[in-house]
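Chemist: Okay, sequence plus prediction incoming.
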Amino acid sequence: MALLLLPGVARAWEWGSPFGSPGSTKHATEELTAEDFPGFVEKHPVTAILFYAPWCFYSQQVMPSWDIAGQKLAIHDPPVQLAKIDTHRYNSIGEKYGISAFPTMKLFVDGNVFEYES
């Protein structure tokens, strides 16, 4: 089996962590850090954030669907940004927003935070 690699294309097909890494562009959703979280939410007036822990089975299960939703909502008018943050790693963000279980989804609209209710 031969593998054809074109310059600049191979990078788009690399496999990494299912959660990406800070600054990763391999997924449709942004991977946030504690440092860029406030600026991201401020820059995007309508944003849905997934607070996850990489070791959590349920976080792992929701990640592919979150990525697909990010692709679909990016073309919405107006676009709805989807992002994710490793709240286990950046626990200060989790504490600020009252995250007590993984995964947790919250909607940020013009500085207001809305809880997801199933």
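Modeler: Looks like it came in fine.
Chemist: okay, and for the chain, where does confidence drop off?
Modeler: Filtered on pLDDT under 70, the chain yields the residue ranges 1-27, 118.
Chemist: center of it - which residue?
Modeler: When CA atoms, centre = their mean is applied to the chain, the residue found nearest the centroid is residue 84 (2.4 Å).
Chemist: ok, that residue touching residue 52?
Modeler: Yes - between residue 84 and residue 52 there is a contact under CB atoms under 8 Å: 5.9 Å. No exception for glycine: its C-beta is placed from N, CA and C like everyone else's.
Chemist: ok, and what's touching the longest helix anywhere in the chain?
Modeler: If each helix of the chain is counted by residues according to DSSP state H, the longest one is helix 57-74. Identification of contacts with helix 57-74 by CB atoms under 8 Å, 6 or more residues apart in numbering yields 18-19, 27-29, 48, 50, 52-54, 79-82, 84, 102-103.
Chemist: Sort out for me which of those are in strands.
Modeler: Among these, the ones falling in strands (DSSP state E) are 48, 50, 52, 81-82, 84.
Chemist: Many thanks, I have nothing further to ask.
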